[in-house]
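Participant: Got a predicted structure plus its sequence, pasted below:
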Amino acid sequence: MQKSTIVLIVIAVLIVFLGAALLFIFGSTPPSGGDTVSVEQLLSGIHHTKGSSGAPVVIVEFGDFQCPSCGAAYPVVSRILNDFGDKIYFVYRHFPLAQHEFARSAASASEAAAVQGKFWEMYDQLYQHQDKLDETSIRGYATSLGLDMAKFESDWKSQAAADIVTADAAAGAGFKVSATPTFFINGQRFVGALSYDQFRAEITKLLSAQSK
């Protein structure tokens, strides 16, 4: 085999390896559109929502609190929800990735906060402090939210919290979710952290179509 051919093969292998390594580290792929899933199926078994279920646009996110791309998407989603108001029904579902050491524990912590009516407040804390998701830090967030800490501790480690996280992840796997964040906008799949302009364009297109 010629030396130049061997060099090309080595380069190709390195490119594939680098791509796989980046996917492993960041737990997501560049934003891309895809197939559609029934909105009714996506909403089965949900727990955490913002807005009215009668809104014309339904956004379902499968996310991981430790995923950097989910962290990048967090302020964009917040801005979209603020700008479009009652036109959006937002649903958050857990999809902790195995390579993220603290992802499942953080998801369970959000469920423990939910028992005391503070899911979204804990959601904010976890995404705003992605670099500190160890147990000591999470206890600090719970304290700052004024949670009953004895109850929080018990619920955090409970089977009930673990079951919700597992059920969301299983549902995601059933919808062929494999990376985070994965968004479904009125059922259409988008993988990766969408920009504000990408979200806005898709939502505006859907609203325009529904108004005709």
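Facilitator: Right, received. Where do you want to start?

Participant: Could you use CA atoms for every contact and neighbour count after this?
Facilitator: Noted.

Participant: any idea which residue sits dead centre in this protein?
Facilitator: residue 63 (1.5 Å; C-alpha atoms, centre = their mean).

Participant: got a list of what that residue touches?
Facilitator: With contact set as C-alpha atoms under 8 Å, 6 or more residues apart in numbering, residue 63 has these partners: 70, 92-96, 180-182.

Participant: Tell me how far it lies from residue 140.
Facilitator: 22 Å (C-alpha to C-alpha, to the nearest Å).

Participant: rewinding a little: in strands, which of the contacts of residue 63 appear?
Facilitator: Counting by DSSP state E, these place 92-94, 182 in strands.

Participant: okay, those residues in TSV with pLDDT, distance to residue 86 and neighbour count next?
Facilitator: Formatted as TSV, these follow (pLDDT from 0 to 100; distance: C-alpha to C-alpha, whole Å; neighbours: other C-alpha atoms under 10 Å):
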residue	pLDDT	distance to residue 86	neighbour count
92	98	17	19
93	98	20	26
94	98	23	27
182	98	22	29
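
Participant: my guess is residue 67 contacts residue 182, does it?
Facilitator: No - contact criterion C-alpha atoms under 8 Å: residue 67 and residue 182 do not qualify, at 11.5 Å.

Participant: Thought residue 140 was touching residue 125, still the case?
Facilitator: No - in this structure residue 125 lies outside contact range of residue 140 using C-alpha under 8 Å: 9.9 Å.

Participant: More neighbours: which of these two?
Facilitator: Taking other C-alpha atoms under 10 Å, residue 125 and residue 140 do not tie; residue 125 has more neighbours (21 against 12).

Participant: Please enumerate the helices of this protein.
Facilitator: 3-26, 39-42, 68-84, 103-115, 119-128, 135-144, 149-156, 159-174, 196-211 (DSSP state H).

Participant: Show me which positions of the third one end up buried.
Facilitator: The neighbour-count check on helix 68-84 (16 or more other C-alpha atoms under 10 Å) flags 68-74, 76-77, 80-81 as buried.

Participant: Same check on the second one?
Facilitator: For helix 39-42, a neighbour-count test (16+ other C-alpha under 10 Å) marks 39, 42 as buried.

Participant: what is the mean pLDDT for that helix?
Facilitator: Average pLDDT, helix 39-42: 96.

Participant: likewise the fourth one?
Facilitator: Taken as a whole, helix 103-115 carries a mean pLDDT of 98.
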